[in-house]
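**Q** Make a model of this:
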Amino acid sequence: MMKLPPLVEPTATLSKEEVVRYSRHLLIPDVGVDGQRRLKSARVLVIGAGGLGSPALLYLAAAGVGTLGIIDFDVVDESNLQRQVIHKVSTVGQLKVESAAAAIRELNPHVNLELHTDRLEPEMAVQLFAQYDLILDGTDNFATRYLVNDACVLAGKPYVWGSIFRFEGQASVFWEDAPGGVGLNYRDLYPEPPPPELAPSCSEGGVLGILCASIGSIMATEAVKLITGIGEPLLGRLMVYDALDMTYRQIALRRAPDRKSITELSDYQVFCGLNRPLGVQDSDIPSISAVELKALRERGAHHEVIDVRERTEWDIVHIDGARHMPKSPSLAREIEARFGKDTPLILHCKSGLRSKAVLLELQRLGFSDVRNLEGGILAWVRDVDTTLPSY
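**A** Purely as a prediction, here's the structure:
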């Protein structure tokens with residue numbers, strides 16, 4: 001454990017209204033007027049106005065962080081409302097940054113907001129981060145997490161990281177240039193990304209909505225501690241929370257023994273194995289649209305529809321007559337044993353990515369008549385049977 005100096009100087013002054021608003025902070029000896037002035041002077045960028053960004057943004061705004069940046073290219077969806085508490089029914093369909101900004105303005109009009117509606121990309125990440133004192137990473141995929149980490153290293157910025165999945169959450173602080181030579185970055189925790197099939201997102205594996213509040217509040221707390229210099233931040237420690245057992249445990253983090261210096265940003269989709277295998281072109285992945293599949297079924301043409309999603313997804317919604325065979329390392333061989341290599345097959349998952357990976361494996365086994373449903377079952381619900389639920 002270690003204590004760090006305050007990240008932000010107390011250059012801002014507090015108005016009479018702000019003294020009243022933040023009086024409960026001012027009464028805490030470790031915070032006081034100087035600590036609150038540091039918060040008002042701070043510029044914090046929150047990446048993602050989703051499950052973790054929602055509580056973090058609300059509490060940082062309530063705490064009096066002077067400037068909050070929000071970057072998110074997505075729009076509010078009804079399925080977000082189970083956990084993304086900054087959004088409302090009335091803002092479904094709006095850009096998340098606009099929805100979040102409206103909620104923050106209602107909560108604290110003294111906060112200056114800077115909204116970024118672009119997807120975070122390597123070409124602009126370092127320059128964007130350089131404009132802020134502190135970054136909060138509330139993203140839900142490894143490719144963006146590595147991008148955030150490497151850009152923070154190059155920009156010389158500390159950042160607070162959080163992650164959630166089902167009933168478990170994690171949080172830590174990373175800062176390569178931390179004073180005293182104690183710096184760590186995300187690659188010390190995850191030197192290499194896990195295989196994509198072992199790292200499902202919340203949209204694929206689910207998450208307990210309330211878990212977001214637990215981890216998001218830890219992230220906001222760490223931000224306040226870093227800005228004001230109070231307490232001992234999570235730098236060098238990984239906090240792991242299990243909601244089912246109601247336990248918190250800490251894991252000490254150390255520099256990876258063979259770590260390499262980060263000197264530039266790269267293609268993080270490729271790094272995390274999210275792109276097509278090397279040499280595979282779009283033409284190598286036969287596909288069929290939802291409308292075309294509907295016509296095929298109406299003609300009575302012989303084919304088998306194979307759903308490779310998890311059982312919980314199948315229980316939510318499925319295509320009548322489809323065969324449920326969840327994706328696994330042995331799935332291709334199971335399909336071969338059940339249907340042979342000559343049966344016309346149409347594979348699908350939620351959006352088309354998992355089934356595409358299965359299709360490529362079947363092609364390697366010599367299957368010649370197999371296609372991938374473009375857009376997965378979401379496309380089927382959208383374009384063919386709108387009476388079915390989406391998720």
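**Q** switch to C-alpha atoms for all contacts and neighbour counts from now on
**A** Noted.
**Q** shaky segments in the protein?
**A** Residue ranges of the chain with pLDDT under 70: 1, 197-198, 274-284.
**Q** measure residue 333 to residue 310 for me?
**A** For residue 333, the distance to residue 310 equals 18 Å [Cα to Cα, to the nearest Å].
**Q** More neighbours: the two, which one.
**A** Between residue 333 and residue 310, residue 310 has the larger neighbour count (other Cα atoms under 10 Å), namely 17 against 13.
**Q** tell me the SS of the residue most central in space within the chain?
**A** When the chain is reduced to its mean C-alpha position, the closest residue under Cα atoms, centre = their mean turns out to be residue 140, at 1.6 Å. Secondary structure, DSSP: H, G, I helix; E, B strand; the rest coil: residue 140 is coil.
**Q** wait, isn't it in contact with residue 202?
**A** Yes: under the criterion of Cα atoms under 8 Å, residue 140 is in contact with residue 202, at a separation of 7.3 Å.
**Q** what is in contact with those two at once?
**A** Shared contacts of residue 140 and residue 202, defined by Cα atoms under 8 Å, 6 or more residues apart in numbering, comprise residue 164.
**Q** circling back to that earlier point, who are the contact partners of the residue nearest to the centre of the chain?
**A** Residue 140 makes contacts with 163, 164, 201, 202, as judged by Cα under 8 Å, 6+ apart.
**Q** Dump those residues to JSON lines, plus secondary structure.
**A** Shown next, in JSON lines, are those (three-state DSSP):
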{"residue": "163", "secondary structure": "strand"}
{"residue": "164", "secondary structure": "strand"}
{"residue": "201", "secondary structure": "coil"}
{"residue": "202", "secondary structure": "helix"}
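**Q** Got a PyMOL select line for the buried ones in the residues you listed?
**A** Buried residues among the contacts of residue 140 (16 or more other Cα atoms under 10 Å), as a PyMOL selection:
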select buried, resi 163+164+201
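**Q** of all the contacts of residue 140, which comes closest to residue 77?
**A** residue 202 (14.1 Å; Cα to Cα).
**Q** which residue sits closest to the closest one, ignoring its sequence neighbours?
**A** Computed as Cα to Cα, 6 or more residues apart in numbering, the closest residue to residue 202 that is not its neighbour in sequence is residue 165, at 6.1 Å.
**Q** just residue 217 next, same as before
**A** Nearest residue to residue 217 in three dimensions, chain neighbours excluded: residue 56, at 5.9 Å (Cα to Cα, 6+ apart).
**Q** So what touches the longest helix seen in the chain?
**A** With secondary structure taken from DSSP state H, the chain has its longest helix at helix 211-228. Outside helix 211-228, the residues within contact range by Cα under 8 Å, 6+ apart are 4-8, 31, 35-36, 38-39, 42, 51-57, 59-60, 83, 134, 136, 160-164, 167-173, 231-234, 243.
**Q** Tell me how far the nearest residue to residue 311 once chain neighbours are set aside lies from residue 357.
**A** Counting by Cα to Cα, 6+ apart, residue 311 lies nearest to residue 326, which is 7.2 Å off, once chain neighbours are set aside. Distance of residue 326 to residue 357, computed by Cα to Cα: 13 Å.
**Q** Equivalent analysis for residue 105, please.
**A** In this view, residue 105 and residue 357 are 44 Å apart by Cα to Cα.
**Q** try residue 15
**A** Between residue 15 and residue 357 the distance is 58 Å, computed by Cα to Cα.
**Q** okay, the two: which has more neighbours?
**A** Using other Cα under 10 Å, the more surrounded residue of residue 15 and residue 357 is residue 357, with 16 against 10.
**Q** And what about that one, helix, strand or coil?
**A** Using three-state DSSP, the structure places residue 357 in helix.
**Q** need the contact list for it.
**A** Applying Cα under 8 Å, 6+ apart to residue 357 gives no contacts.
**Q** picking that back up, let me know the secondary structure of the residue nearest to residue 217.
**A** helix.
**Q** how close does it get to residue 177?
**A** Distance of residue 56 to residue 177, computed by Cα to Cα: 24 Å.
**Q** Please identify which of those two sits among more neighbours.
**A** Legend: neighbour count by other Cα under 10 Å for residue 56 and residue 177, higher for residue 56 (28 against 18).
**Q** So which residues of the stretch 201-350 of the chain form helices?
**A** 202-205, 211-228, 268-271, 290-299, 311-316, 331-339 (DSSP state H, counting those that start in this stretch).
**Q** Out of those helices, which one sits most buried?
**A** helix 211-228 (a mean of 25; mean count of other Cα atoms under 10 Å).
**Q** any idea how far that one is from the chain center?
**A** In terms of Cα atoms, centre = their mean, to the nearest Å, the centre of helix 211-228 is set 16 Å apart from its chain centre.
**Q** Could you do stretch 209-223 as well?
**A** That offset, for stretch 209-223, works out to 14 Å (Cα atoms, centre = their mean).
**Q** Could you measure from residue 317 over to residue 389?
**A** Per Cα to Cα, residue 317 is found 6 Å from residue 389.
**Q** likewise residue 346?
**A** Separation of residue 346 from residue 389 (Cα to Cα): 21 Å.
**Q** Looking at the two, which is more packed in?
**A** Using other Cα under 10 Å as the criterion, residue 346 and residue 389 rank with residue 346 on top: 22 against 12.
**Q** mind listing what the more buried one touches?
**A** Counting by Cα under 8 Å, 6+ apart, residue 346 touches 288, 303, 304, 305, 306, 370, 371, 372, 373.
**Q** any idea which of these has the most stuff around it?
**A** Highest neighbour count within the contacts of residue 346, by other Cα under 10 Å: residue 373, with 29 neighbours.
**Q** list the helices and strands whatever helix or strand the residue nearest to residue 202 lives in packs on?
**A** Residue 165 belongs to strand 159-165 when assigned by DSSP states H and E. When contacts are defined as 3 or more Cα pairs under 8 Å, 6 or more residues apart in numbering; DSSP states H and E, strand 159-165 sits against strand 134-137, strand 168-174, helix 202-205, helix 211-228.
**Q** Could you export it as CSV, CA atoms only?
**A** C-alpha atoms of strand 159-165 as CSV (Å, rounded to 0.1, in the frame of the first residue of the first chain):
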residue,chain,number,x,y,z
TYR,A,159,-6.6,5.8,-14.6
VAL,A,160,-9.1,3.9,-12.6
TRP,A,161,-10.2,0.6,-14.0
GLY,A,162,-13.3,-1.5,-13.3
SER,A,163,-14.7,-4.7,-14.7
ILE,A,164,-18.0,-6.6,-14.1
PHE,A,165,-19.4,-10.0,-15.2
